[in-house]
Every structure is written in structure tokens, then in C-alpha cells.
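K.L.:
need a structure here:
(2 chains)
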There are 2 protein chains.
Amino acid sequence: MAKRALDVRQAHRLLSPGPVTLLSSQYHGQPNLMAVAWAAPVSLDPPLVGVAIQPTRLTHEFVAKSDQFALNVPHIELLAAVHRCGLVSGRDGDKFEATGLTPALAAEIDPPLVEECLGHLECGVVERVRLGDHDFFIGQVLALAAEEEAFDDAWKADEEGGRTLHHLGANLYASLAKGYRA
Amino acid sequence: MAKRALDVRQAHRLLSPGPVTLLSSQYHGQPNLMAVAWAAPVSLDPPLVGVAIQPTRLTHEFVAKSDQFALNVPHIELLAAVHRCGLVSGRDGDKFEATGLTPALAAEIDPPLVEECLGHLECGVVERVRLGDHDFFIGQVLALAAEEEAFDDAWKADEEGGRTLHHLGANLYASLAKGYRA
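P.N.:
Have a look, this model is predicted:
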């Protein structure tokens, strides 16, 4: 797989079809991962994305204290690892080790990226808003990259189908089928 | 199609896989529609969803003035109508008429629902946050319904594939392929 750096203004294209993401964070050198389906682009210029996180989560503590996180867009083949990240807490051990996923150096932030993922949004927190029982963290996208075979201005969903993973609920997921042109 | 009313606490399940939605609004008896891919659940209890809307949009004016909107989840067969809603402005005419979509009475709010859609989240605005070049409207889900053949605690993605529509970018969309159980 060859990753290509992208203009940060394309960040919304990585999230637009609604894939589940792996949020990577780090505090005092300890990395953590969380499966996130509650994320969306919220601004084009500056490029901002929002992520809802429950205050009880270790990820909440890490993101609140470090003001940095990455959203990593997993390939459907990472289904088992993604689901495991949603079930266990980083308080019980390193989730990179637990899942076998590989930490990779980010360009602009301290938390590691998830090497096996198709795309990465590196974010610096610019705002936090309490909304009901979650905090909504707003991240400005500082660096963006995607696997060039899977993303070309948009995620590809060709004859072989798309490669992103979508969370239906509980332990149910789906991939994208072939694309349509309106 | 038979729609079933659902517990509003299931609202996040309608948005979790990231489908494009049709936002319906109404002001002074004039309805409007907008295609929205930038939406996400943000709280379980109370059930809140957030939607990013550019201030230049007629939908922005209608939602800001009426404090109500519905998110309607379209079937993939509505692709052409959804795309058209994203291209034209309600200032140029009634989008229900332009697309041939049918307005239906909502249970808890004034704006009409889109009859042909698979599911509906009826929302009352509880907060608005300026984030970059968009306003993020937070809606509390007041009523929820979905087509019972397409949704059973989660959108179905069976052997025939899923039925929701996902926006890749520009005029490119995809449906969900078969589901996976983790």
C-alpha cells in the first residue's frame, strides 16, 4: 500500500460516506485506540471534523489532555480489530498490542497513526462542546493522507466494491457495494 | 412499505452507518429539502443529532427560524432525487415539486417528512454552535420511525445488500454491500 499526502481541504471526503474510524490518541507516551462511528465533517475552511466521545472513556481523558487525535479509516479486512477496539478499554492494556495493529509516525501530531488503515486525518483540538451525555471534540485537520489505490478525490467504490467499513449497530457492519453516478 | 414508530433512543442506529439524508424544513408554510451528508449522532440520552449547515443555505434560514427539522433516510432508488436536492436551491422553487417526492405529515413537528424514505428522525433544535464556515445545529429527536422491512434494531444489509445511500463526493454515491458479523 502506498499512502499519499492530500490537501487538508479534502478531509471531508474521507468521512462523507460515513465509515467507522479508529481514533488514535496518546498521553504521556501511552497510545490508545477507540472505534468511532459518531464523527462528521463540520467545516470546509478551516477543515474541521467533530467527534462525539463519552466522558467515561480513556480516549476522552487523552484527547482532553493532549488536544490531539487522529481518525484512521480502516479497510474492511480490519473488521475484527475494529470491533475489539470498541469492546475493550485502553485501561486494560495497550490496544495496539491487543489487536496486532501497527503504530506509525504521524506528520503533525504526537499520537501514532494506524499503519494498516486506508486513510488518516491528523487533528488538533480547537473546541469542545458538551452535548447531552457526550463531549463533541472539534479537530482542525492538520495533515491528511490516503492509500492511493483506494482514494482518488473520493473513496473508490468500483466493480469490486468499496473498501471502507460501516457500523450498523452492535456487532453488525457492512462494506460499500458498487458505486453510482448521479 | 410499512413504517413503524421506534423508541427515540434508537435514533443513533439510523445514522450510525453514515447514510446521506434528506433534511426537510418548513417556514411560514413553505417546505424545503436539502441533501445532507454531514450529520452524526452526538448523544444517547437525551437522543441528540448534529447537522452542519452553511449559513448561505435557505435550509439554514428555515431551521434557524423554526427550530425544527427532520432527517429522512433515502432508499438507494432515490439517488436522482437526492442529488438534485443537493444541486438546486429552494429559493428557485419547491423541491418536493422539483423532485416528485411526496410530503407526509410528521408526528411531532411542522416540517413534512419525505414519504418515500426508509426512515425519519423528527428533531427540535436545542442548540446551535458556529464551527468554522458552518453552523452545527443540534436536534433532539422527538419522534422516530423506519420501514420495518429495512430496519430491525439496525439497517439490514443482507444477501441483497443494504438499502441506504452513501455520498462519496461530487456526483458519486454507493450503497451498502452485504453485512458482516464481528
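K.L.:
Setting the sequence-adjacent residues aside, check what's closest to A:Leu105.
P.N.:
In space, not counting the residues next to it along the chain, A:Leu105 is nearest to A:Pro112; the distance is 6.9 Å by CB to CB, 6 or more residues apart in numbering or on different chains. Any C-beta I mention is one placed from the backbone N, CA and C, and that applies to glycine too.
K.L.:
For the residue of chain A at minimum distance from chain B, which non-adjacent residue is spatially closest?
P.N.:
The nearest approach of chain A to chain B comes at A:Gly18, 0.9 Å away (CB to the nearest CB). Distances taken as CB to CB, 6+ apart place B:Gly18 nearest to A:Gly18, at 0.9 Å, with adjacent residues excluded.
K.L.:
Wasn't that neighbour part of a strand?
P.N.:
No - under the criterion used here (DSSP: H, G, I helix; E, B strand; the rest coil), B:Gly18 is coil, not part of a strand.
K.L.:
any low-confidence regions in chain A?
P.N.:
Segments of chain A classed as low confidence (criterion: pLDDT under 70) are A:1, A:159.
K.L.:
Correct me if wrong: A:Ala157 contacts A:Ala177.
P.N.:
Yes - A:Ala157 sits in contact with A:Ala177 when judged by CB atoms under 8 Å, with a separation of 7.1 Å.
K.L.:
So for these two, which residue has more residues nearby?
P.N.:
Neighbours per residue (other CB atoms under 10 Å in any protein chain shown) separate A:Ala157 from A:Ala177, with A:Ala157 holding more: 25 against 19.
K.L.:
contacting residues around that one?
P.N.:
With contacts defined as CB atoms under 8 Å, 6 or more residues apart in numbering or on different chains, the neighbours of A:Ala157 are A:Leu176, A:Ala177, A:Lys178, A:Gly179, B:Leu168, B:Leu172, B:Ala174.
K.L.:
could you check the distance from the fourth one over to A:His166?
P.N.:
From A:Gly179 across to A:His166, the span is 14 Å (CB to CB, to the nearest Å).
K.L.:
likewise the first one?
P.N.:
The span separating A:Leu176 from A:His166 equals 7 Å under the rule CB to CB.
K.L.:
Could you name every residue contacting both of the two?
P.N.:
Taking CB under 8 Å, 6+ apart as the criterion, A:Leu176 and A:His166 both touch A:Pro17, B:His166, B:Leu176.
K.L.:
Which members of the contacts of A:Ala157 occur in strands, if any?
P.N.:
Counted as lying in strands by DSSP state E, out of the contacts of A:Ala157, are A:Leu176, A:Ala177, A:Lys178, A:Gly179, B:Leu168, B:Leu172, B:Ala174.
K.L.:
can you list those in a markdown table and add distance to A:Gly119?
P.N.:
Putting the ones in strands among the contacts of A:Ala157 into a markdown table (distance: CB to CB, whole Å) gives the following:
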| residue | distance to A:Gly119 |
| --- | --- |
| A:Leu176 | 14 |
| A:Ala177 | 20 |
| A:Lys178 | 20 |
| A:Gly179 | 17 |
| B:Leu168 | 13 |
| B:Leu172 | 16 |
| B:Ala174 | 16 |
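K.L.:
Out of these, which two sit at the greatest distance?
P.N.:
Taking every pair in these and measuring CB to CB, the maximum separation is 13.0 Å, between A:Ala177 and B:Leu172.
K.L.:
so who does the closest residue to A:Arg130 other than its chain neighbours touch?
P.N.:
Nearest non-adjacent residue to A:Arg130, counting by CB to CB, 6+ apart: A:Phe136, 7.7 Å away. Contacts for A:Phe136 (CB under 8 Å, 6+ apart) come out as A:Gly50, A:Val51, A:Ala52, A:Arg128, A:Val129, A:Arg130, B:Val42, B:Gly50.
K.L.:
I am finished for the moment; much appreciated.
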